[in-house]
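Undergrad: Mind folding the following:
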Amino acid sequence: MAVTRLKRKNRKDKSVSAVRRQSLKNQGFKPVIKNVDIEEIKEGFKKKA
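TA: Numbering: from 1, shown residues only. Below you'll find the model as predicted:
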């Protein structure tokens, strides 16, 4: 008995797992926290006013 590959199902399975992997990566993503100098920003507003 010959074995045939179900190409469409294989493509679908791969795409489903790729979407799942990407969504899990997005859930664990933490944005880079940048140090912001608040005093410098306040002075900038005072100069404009």
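Undergrad: Which element, helix or strand, includes G44?
TA: helix 38-48 (DSSP states H and E).
Undergrad: Helix or strand with the lowest mean pLDDT in the chain?
TA: helix 38-48 (a mean of 87; mean pLDDT, DSSP states H and E).
Undergrad: May I see the buried residues of that helix?
TA: Residues of helix 38-48 include none that count as buried (16 or more other Cβ atoms under 10 Å). Heads up, the C-betas are built off the backbone N, CA and C, glycines and all.
Undergrad: which residues touch that helix?
TA: Applying Cβ atoms under 8 Å, 6 or more residues apart in numbering, the set of residues contacting helix 38-48 from outside is empty.
Undergrad: can you give me how far that helix is from the chain middle?
TA: Between the centre of helix 38-48 and the centre of its chain there are 33 Å (Cα atoms, centre = their mean, to the nearest Å).
Undergrad: just stretch 4-15 next, same as before
TA: For stretch 4-15, the distance to the chain centre is 26 Å (Cα atoms, centre = their mean).
Undergrad: So what touches it?
TA: Residues from elsewhere that reach stretch 4-15, judged by Cβ under 8 Å, 6+ apart: none at all.
Undergrad: let's number from 688 now, not from 1
TA: Okay, using 688 as the starting number, the last item reads as stretch 691-702.
Undergrad: tell me the mean pLDDT over the longest helix seen in the chain?
TA: Secondary structure of the chain per DSSP state H: the longest helix is helix 694-714. Mean pLDDT, computed over helix 694-714, is 96.
Undergrad: buried stuff in it?
TA: By neighbour count on 16+ other Cβ under 10 Å, the buried set for helix 694-714 is empty.
Undergrad: That'll do, ta.
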